[in-house]
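**Student:** Quick one: sequence and predicted model below, then my questions.
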Amino acid sequence: MEEFFNYIGLHEELIFFIILSVFVGIEVIGGVPTVLHTPLMSGANAIHGVVIVGAIIVMLNTNPADTLSLALGFLAVVLGTLNVVGGFVVTDRMLEMFKKK
């Protein structure tokens, strides 16, 4: 438990920055009109391919005996892939509505 508090003390600024970013993100997303919410979120989901690349890099640098880290990395790759594919599917469905028949 003492290690946890030492970690918090050493990374106090980073933790404050993350908490502040969460509140700013909630305010920004909350201010988006309902009509624009779906197009913006589908585009943001497609951009989240960075999560996949980051998870792969972390998994490459992980000790092969550390099964927890490998499992979490695999889960991040799977969920990131679902997010990216879902973003493209929603965007494609929206663009279909604007095509002439």
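**Tutor:** Everything's here; your move.
**Student:** all contacts plus neighbour counts: C-alpha atoms, from now on.
**Tutor:** Fine.
**Student:** okay, and the helix or strand of the protein with the least pLDDT?
**Tutor:** Across the helices and strands of the chain, mean confidence by mean pLDDT, DSSP states H and E is lowest for helix 34-47: a mean of 70.
**Student:** Point out where the protein drops to low pLDDT.
**Tutor:** Filtered on pLDDT under 70, the chain yields the residue ranges 35, 37-38, 42-43, 46.
**Student:** For this structure, just list every one of the helices.
**Tutor:** 2-10, 12-30, 34-47, 49-60, 67-97 (DSSP state H).
**Student:** Tabulate those (a markdown table), appending mean neighbour count.
**Tutor:** Shown next, in a markdown table, are the helices of the chain (neighbours: other CA atoms under 10 Å):
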| stretch | mean neighbour count |
| --- | --- |
| helix 2-10 | 10 |
| helix 12-30 | 11 |
| helix 34-47 | 15 |
| helix 49-60 | 16 |
| helix 67-97 | 16 |
